[in-house]
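Trainee: Need the 3D shape of this:
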Amino acid sequence: PWGWGGYLGWRLPPPYKISFDGRYIFHPLLGDVVNAFSGREDWDRAEKKYGWELVLTEAPPDYYLVARPKSKAGKKLTRLPPLYTRVLPQEKWAMVYWDAQAIIFVRRDKADPKWLAANEYAAVRSGDLPFAAARLEAGEVGRDVVRREVLRFLKGPAVQGRYDMRLEVGDWYRRLGGTS
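Mentor: Modelled structure (predicted):
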């Protein structure tokens, strides 16, 4: 996000390199960074070129709806998962923080496995709650994993970004039949 790069460049120690900054001091990088989120091939090319190990990005909307043909009588709305699921594959990138405003991913091969096991959101992820419910129902993820991640999320900052996301996540979990 434009406004965050300058702040991070100011707050983080020198070993951290920022590649997206609203002050335009990295102007030659802008095309690569913007194109990286247009598709998997562009992302892989930019990631290899710049060696990204951590990604801080804006949180997506809860879901994207796309009209698809259903029949001659009308159209069916299809829910698409967030864009990050296509450019930041879960087998390579771990979501370690999310709220209503931001998401942080780290490359799995650059993070301590013990730290990653304690901090990753593998089942309950930003903008992905409907799909998390479907994975739970299909048995692809265990109820204990969902419970652990929901409880960790609920212990996070009280107000996250634009509003208190804990209310939404807590309500979603209760509708699934979960209890804290």
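Trainee: residues contacting Ala123?
Mentor: Ala132, Arg135, Leu136, Val141, Val145, Val146, Glu149 (Cβ atoms under 8 Å, 6 or more residues apart in numbering). For glycine as for every other residue, the C-beta is placed from the backbone atoms N, C-alpha and C.
Trainee: I figured Trp43 was touching Asp32, is that so?
Mentor: No. The pair Trp43 / Asp32 is not scored as a contact, 10.1 Å apart, by Cβ atoms under 8 Å.
Trainee: ok, for the spatially most central residue of the chain, nearest residue in space, not its chain neighbours?
Mentor: Taking Cα atoms, centre = their mean, the centroid of the chain lies closest to Ile103, which sits 4.7 Å from it. Spatial nearest neighbour of Ile103, chain neighbours left out: Ser126 (5.0 Å); criterion: Cβ to Cβ, 6 or more residues apart in numbering.
Trainee: Count residues in the vicinity of that neighbour, would you?
Mentor: Neighbourhood size, Ser126 [other Cβ atoms under 10 Å]: 24.
Trainee: ranges for the strands of the protein?
Mentor: Applying DSSP state E to the chain gives strands spanning 54-58, 64-71, 74-80, 93-98, 102-107.
Trainee: Would you single out the least confident of these?
Mentor: Mean pLDDT is lowest for strand 64-71 out of these, coming in at a mean of 54.
Trainee: Mind exporting the C-alpha coordinates of stretch 119-134 to CSV?
Mentor: Extracted C-alpha coordinates of stretch 119-134, given in CSV (Å, rounded to 0.1, in the frame of the first residue of the first chain):
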residue,chain,number,x,y,z
ASN,A,119,1.7,-17.8,14.2
GLU,A,120,0.3,-19.0,10.9
TYR,A,121,-3.3,-18.6,9.9
ALA,A,122,-3.7,-21.7,7.7
ALA,A,123,-7.4,-22.2,8.0
VAL,A,124,-9.0,-18.9,9.1
ARG,A,125,-7.7,-16.3,6.6
SER,A,126,-8.6,-12.8,5.6
GLY,A,127,-11.4,-12.5,3.1
ASP,A,128,-11.6,-16.3,3.0
LEU,A,129,-14.1,-17.2,5.8
PRO,A,130,-16.8,-18.7,3.5
PHE,A,131,-14.1,-21.0,2.0
ALA,A,132,-12.8,-21.9,5.4
ALA,A,133,-16.3,-23.1,6.4
ALA,A,134,-16.4,-25.2,3.2
